[in-house]
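Chemist: Sequence first, then the predicted structure:
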Protein chains: 2
Amino acid sequence: MAKAAYHHGNLRRELLDAALAVIAERGPSALSLRELAGRAGVSHAAPAHHFGDKAGLLTAVAAEGYELLAAELEAATRAGGDFLAAGLAYVRFATDHPAHFQVMFQPTLYRADDPAVRAAEARAAAVLYGTAGALAAGATGEGSGAAAGDPGDPGGLDDARRVGVAGWCLVHGLATLWLAGNLSDLGDDPVELARSVASIAFGGGAAGGARDDVRNGGGAGAPAR
Amino acid sequence: MAKAAYHHGNLRRELLDAALAVIAERGPSALSLRELAGRAGVSHAAPAHHFGDKAGLLTAVAAEGYELLAAELEAATRAGGDFLAAGLAYVRFATDHPAHFQVMFQPTLYRADDPAVRAAEARAAAVLYGTAGALAAGATGEGSGAAAGDPGDPGGLDDARRVGVAGWCLVHGLATLWLAGNLSDLGDDPVELARSVASIAFGGGAAGGARDDVRNGGGAGAPAR
DNA sequence: CCTGAATCTAGACAGTGGCAAGATACGGCC
DNA sequence: GGCCGTATCTTGCCACTGTCTAGATTCAGG
């Protein structure tokens, strides 16, 4: 363990990890800077130096969460995944990093206008809407490319955006309900549940594609009917 | 106005309303029993008598929320609404009662095993899965009730349950993201957005071109309610 | 009017977040 | 080497919060 001397070495990371553990276990409201400091063996005011504030610590958590999410979404698509793969990666992120996820989507807990947060947020959104655009364009059989935006729709939202929002809502709702314990009677594999649910909403064919090359560690395959 | 004397008459409700206002405005973590007491003009220990605990107050909020939700879902279906109508009512509930909604799905804030909470929760779930069953089975109606007690096999969920979960995830995700501010650039009417999103997910093809109107057409007047 | 129960007050205590001032250690400079 | 600036951490303090205990006030019903 790090020496108990003054310069701890990487107190910031240790405080973050302790905070994540507490949040995952007892929720963000049970977080106490003093308890974190005690765990790390430093004085009660040490966290303030690294994060300034309790909101500052949670801002750091949220920013890190969005970056992790963006990285995992990018990894999923880089591995040849489509929109479904991105959605499953989203669910996997939520269950693998429940503390990050919980904080990220509770903007009253932190400073949502922080530039680091907004940048990482935009990065994650780009992947979602990008894969959604590919799906939308493929399904309608028109055009190609069109990475993120083509505001030519009279209704207001272009297809990529609408498909992206729909898919995002689906996986986000599933992840949220799962973490809240509202789906605990539906097995123990949220990613598999997401695959099953997505096949209902979007129809297995439309979003089928190549699905298995996503790095689903323990997935039992079986695209459910 | 209630007198400032001892027996306030309606302190419990007033505290609840004050709590809802604070939560809707600044989030559940900013809630302070002492502040509520001050607002109501009573001493700082008065809330404890009615709710015992801070968690007790939030338990009351969650129970009331589930009952309100169940009532609105039941009203939507009683008015001849289908699964879509129930989903839209769900979104409307979340935006009309953001404080209730936020607390309900954060079980670490309250005592989720409270009998009043569980009963209201089951009541709301019954409506969702009931309408989902009607949609899934089409003509083949199955028995009513048995919404939460079914020890479903994780591998093989019945259609009603799967459709219900899919729809629930969709509207819950939309409501959650909306309240978190993540969809603020998509207009100002979450219910209309939900209709559009539902038409993508459940209304056939993955990207339905310009099919903006599903079944209820342009008439914004909701059949429910 | 009197009594018991419901309701609310008053005081105290341990924790908590945040601030200010000081102590300590690291890294570069001469 | 010695020195100093800066980042890092500590100590002390204050206001606020939740919760507990004991006591005061009011209401309902005989």
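Modeler: Looks like it arrived, so ask away. Quantities reported herein were computed from a predicted structural model and do not represent experimental measurements.
Chemist: Give me the packing partners of the helix or strand A:Leu128 falls within, helices and strands only.
Modeler: Using DSSP states H and E, A:Leu128 maps to helix A:115-140. Helix A:115-140 sits against helix A:54-78, helix A:83-96, helix A:159-179, with contacts defined as 3 or more C-beta pairs under 8 Å, 6 or more residues apart in numbering or on different chains; DSSP states H and E. The C-beta positions use only the backbone N, C-alpha and C, and glycine is treated the same way.
Chemist: Now mean pLDDT, distance to A:Ala48 and mean neighbour count too, for these, in a markdown table please.
Modeler: Shown next, in a markdown table, are the helices and strands packed on helix A:115-140 (pLDDT from 0 to 100; distance: least, C-beta to C-beta, whole Å; neighbours: other C-beta atoms under 10 Å in any protein chain shown):
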| stretch | mean pLDDT | distance to A:Ala48 | mean neighbour count |
| --- | --- | --- | --- |
| helix A:54-78 | 97 | 8 | 20 |
| helix A:83-96 | 96 | 30 | 24 |
| helix A:159-179 | 94 | 29 | 25 |
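Chemist: Mind putting the ones you listed into a markdown table with distance to B:Ala99?
Modeler: What follows is the helices and strands packed on helix A:115-140, written out as a markdown table (distance: least, C-beta to C-beta, whole Å):
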| stretch | distance to B:Ala99 |
| --- | --- |
| helix A:54-78 | 20 |
| helix A:83-96 | 24 |
| helix A:159-179 | 17 |
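Chemist: Select, out of those helices, the one closest to chain B.
Modeler: helix A:159-179 (2.7 Å; C-beta to the nearest C-beta).
Chemist: how close does A:Ala180 sit to A:Gln102?
Modeler: Going from A:Ala180 to A:Gln102 by C-beta to C-beta, to the nearest Å gives 9 Å.
Chemist: quick one, which of the two is more surrounded?
Modeler: Higher neighbour count among A:Ala180 and A:Gln102: A:Gln102, with 24 against 18, using other C-beta atoms under 10 Å in any protein chain shown.
Chemist: Look up the closest residue to the spatially most central residue of chain A, ignoring the ones flanking it.
Modeler: Nearest to the geometric centre of chain A sits A:Leu69, at 4.3 Å (C-alpha atoms, centre = their mean). Counting by C-beta to C-beta, 6 or more residues apart in numbering or on different chains, A:Leu69 lies nearest to A:Ala124, which is 4.8 Å off, once chain neighbours are set aside.
Chemist: Make sure the one you found is actually in contact with A:Ala63.
Modeler: No - in this structure A:Ala124 lies outside contact range of A:Ala63 using C-beta atoms under 8 Å: 11.3 Å.
Chemist: For stretch A:28-48, C-alpha coordinates in CSV please.
Modeler: The C-alpha atoms that make up stretch A:28-48 are tabulated as CSV, following Å, rounded to 0.1, in the frame of the first residue of the first chain:
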residue,chain,number,x,y,z
PRO,A,28,-24.9,8.4,-4.7
SER,A,29,-26.8,9.9,-1.8
ALA,A,30,-24.8,7.8,0.7
LEU,A,31,-21.6,9.3,-0.5
SER,A,32,-19.5,11.1,2.1
LEU,A,33,-16.2,12.9,1.3
ARG,A,34,-15.1,12.3,4.8
GLU,A,35,-15.7,8.6,4.6
LEU,A,36,-13.7,8.5,1.4
ALA,A,37,-10.9,10.4,3.1
GLY,A,38,-11.0,8.0,6.0
ARG,A,39,-10.8,5.0,3.7
ALA,A,40,-7.8,6.4,1.9
GLY,A,41,-6.1,7.2,5.2
VAL,A,42,-6.0,11.0,4.6
SER,A,43,-7.5,13.9,6.4
HIS,A,44,-11.0,15.0,5.8
ALA,A,45,-10.1,18.0,3.7
ALA,A,46,-7.8,16.2,1.3
PRO,A,47,-10.5,15.4,-1.3
ALA,A,48,-11.3,19.1,-1.6
